[in-house]
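Colleague: Quick check, what structure comes out for this input:
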Amino acid sequence: MAAVRKMLRMTNKNKETALHEAARNERSLGVVEAIMIHEDPNEFKYSANNRGESPLYLAVKSRNVEIASELLRHPNSQLLAYGGPTGKTALHEATMLDFGDEDFKDEGKRKKLLEKYRSMAKEKDQKERTERYSGYTVYMMIDQLLEKWSNLAKETDEKGWTPLHYAAYTRNWLAVHVLLNKDKSTAYIADKYWKRTALHIAACRGFQYEMELIISECPDCCELTDSRGWNVIHYAVISKNDEVLKAVLQYSSLIYLLYGEDVKGNTPVHLYKTYHSRLPSFIKNAHEDNDMFKHWRTLHDQIQMEGDFKSHREAINGENPGPIPFDVEKEAWQTLSMGRQLGLVFSQPDDIVVNFLVEQINSDMLAFKASRS
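Modeller: Numbering: from 1, shown residues only. You can find the predicted model right below:
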């Protein structure tokens, strides 16, 4: 037995063991089971390779759900590390992946999985979303990770992003749902540099359902502002998605946020007015004004009387509003790619969306893609 364990613990030039290799290969479930049986958790711990990837992280990243589930289920699972590169954990990775039931090959286990987690889809809207989503595997993956290590929900990567930040960023509504059910306090965690919460991310990206889900579960997190004083309504404005803005303005309890000024004195209405001369169409054409609409109109009229839109544009231009709104992401990449092929240089963009696209592409988007490679 000692000789077998010694062989299993041998590492290659990348500091990878046999378990690291097996975790990548979806056909290696039997190998993983054998390795775990022969190991002694009191003597050895499977840590990360040269890239900072633990076997468990590799299994999740590779979408090898059954292997990851086996690693977590096994009595010797305490010998596993759960970390990944740049401070991410297996839970961060799980929230970014679009798991489906087809990732669970065992038909019997898949049926048990569906029976166990079907009850969470109670509302009609959630049922429809679940049908489009194709399954509950992501629910199981996150649930198992948090059952093993409850602190994972609060762990942040090098940017200060929690798994909830990534779930909001990638529009993974089911991951958002599970994470909030497990630990609502994660909605109040702000990132390292810009002090953005997952709610800010969802609003800016234009993800209405995820935004509403966070607000309904954690209404007090709406009070949080980023390092510039921007609140959730500022971010809804930046999404350039009227449906998202309309949705957040349905919450009459957030009226005070309309008057929330950032460090340069800009309210959400200032931000909207700087780039839109008229009222939002859903307010202009509303048959009946709710309280939020009335206050928006009042602020709009006051700002109209101020008339100094240039100073507001200059105050806002050059800012880094946040992650790229989903609706402009594909178009932005195509536009920038074509522009660069033509030799164009985006040195002085005067549109706020292009401005933050240029600044964010090399950070948020490329960092995100690098983490997936």
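Colleague: for the stretch 201-350 of the chain, which spans come out with low pLDDT?
Modeller: The stretch 201-350 of the chain contains residues with pLDDT under 70 at 307-350.
Colleague: Strands along this protein, start to end?
Modeller: Shown for the chain, no strands are assigned by DSSP state E.
Colleague: Count residues in the vicinity of the residue lying closest to Asp143 once chain neighbours are set aside, would you?
Modeller: Nearest residue to Asp143 in three dimensions, chain neighbours excluded: Val178, at 6.4 Å (C-beta to C-beta, 6 or more residues apart in numbering). Quick note: C-beta positions are derived from backbone N, CA and C, even for glycine. By other C-beta atoms under 10 Å, the residues close to Val178 number 26.
Colleague: got it, and Glu217?
Modeller: As a burial measure, Glu217 scores 15 neighbours (other C-beta under 10 Å).
Colleague: With the one 4 residues further on instead?
Modeller: Counted with other C-beta under 10 Å, the burial measure for Cys221 works out to 21 neighbours.
Colleague: Tell me who's in contact with the closest residue to Leu58 other than its chain neighbours.
Modeller: Excluding its sequence neighbours, the residue lying closest to Leu58 (C-beta to C-beta, 6+ apart) is Ala23, at 4.3 Å. Ala23 is in contact with 32, 55-56, 58-59, 62, 64, 67-68, 71, counting by C-beta atoms under 8 Å, 6 or more residues apart in numbering.
Colleague: please redo it, this time with the cut-off set to 10 Å
Modeller: 16-17, 31-32, 35, 46, 53-62, 64, 67-68, 70-71, 80 (C-beta atoms under 10 Å, 6 or more residues apart in numbering).
Colleague: I'd like the distance between it and Glu70.
Modeller: 10 Å (C-beta to C-beta, to the nearest Å).
Colleague: Common neighbours of those two, please.
Modeller: 32, 59, 64.
Colleague: Looking at these, spot the one nearest Gln144.
Modeller: Ala59 (11.6 Å; C-beta to C-beta).
Colleague: my guess is that closest one meets Gly84, correct?
Modeller: No. Contact criterion C-beta atoms under 10 Å: Ala59 and Gly84 do not qualify, at 11.1 Å.
Colleague: what is in contact with those two at once?
Modeller: Listed as contacting both Ala59 and Gly84 by C-beta under 10 Å, 6+ apart are 53, 90, 93.
Colleague: between those residues, which has the most around it?
Modeller: Ala90 (31 neighbours).
Colleague: Who are the contact partners of that residue?
Modeller: Counting by C-beta under 10 Å, 6+ apart, Ala90 touches 53-61, 68, 71-72, 80-84, 141-142, 144-145, 148-149, 152, 163.
Colleague: What subset of those residues is buried?
Modeller: Buried members of these, scored by 16 or more other C-beta atoms under 10 Å, are 53-61, 68, 71-72, 80-84, 141-142, 144-145, 148-149, 152, 163.
Colleague: In helices only, show me those.
Modeller: Among the buried ones among the contacts of Ala90, the ones falling in helices (DSSP state H) are 55-61, 68, 71-72, 141-142, 144-145, 148, 163.
Colleague: about what we covered before: check contacts around the residue nearest to Asp143.
Modeller: Val178 touches 94-95, 117, 120, 136, 138-143, 146, 153, 163-164, 167, 172, counting by C-beta under 10 Å, 6+ apart.
Colleague: go on, Asp183?
Modeller: So Asp183 contacts 146, 150-154, 162-164, 189 (C-beta under 10 Å, 6+ apart).
Colleague: Looking at the residues you listed, which gets the smallest pLDDT?
Modeller: Within the contacts of Asp183, Ser150 has the lowest pLDDT, namely 88.
Colleague: I'd say that residue and Lys182 touch.
Modeller: Yes. Counting by C-beta under 10 Å, Ser150 touches Lys182, with 7.6 Å between them.
Colleague: Compare the two (neighbour count), which wins?
Modeller: Shown here are Ser150 and Lys182; by other C-beta under 10 Å, Lys182 has more neighbours (19 against 11).
Colleague: Quick one, grab the pLDDT at the more buried one.
Modeller: 91.
Colleague: measure it to Arg297 for me?
Modeller: 41 Å.
Colleague: try Leu80
Modeller: 57 Å.
Colleague: returning to that earlier point: the shared contacts of Ala23 and Glu70 into JSON lines, with extra columns for pLDDT?
Modeller: Converted to JSON lines, those look like this (pLDDT from 0 to 100):
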{"residue": "Val32", "pLDDT": "79"}
{"residue": "Ala59", "pLDDT": "91"}
{"residue": "Asn64", "pLDDT": "86"}
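Colleague: Output those in TSV, with distance to Cys218 appended to each entry.
Modeller: Below are those laid out as TSV (distance: C-beta to C-beta, whole Å):
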residue	distance to Cys218
Val32	37
Ala59	31
Asn64	33
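Colleague: and which of those residues is nearest to Arg196?
Modeller: Ala59 (29.8 Å).
Colleague: ok, the closest one - contacts?
Modeller: Residues in contact with Ala59, defined by C-beta under 10 Å, 6+ apart, are 19-20, 22-26, 28, 32, 53, 65-72, 80, 90, 93, 141.
Colleague: now swap in Glu33 and tell me
Modeller: For Glu33, the contact set (C-beta under 10 Å, 6+ apart) comprises 22, 67, 70-71, 74.
Colleague: Highest neighbour count among these?
Modeller: Busiest of the contacts of Glu33 [other C-beta under 10 Å] is Leu71, holding 30 neighbours.
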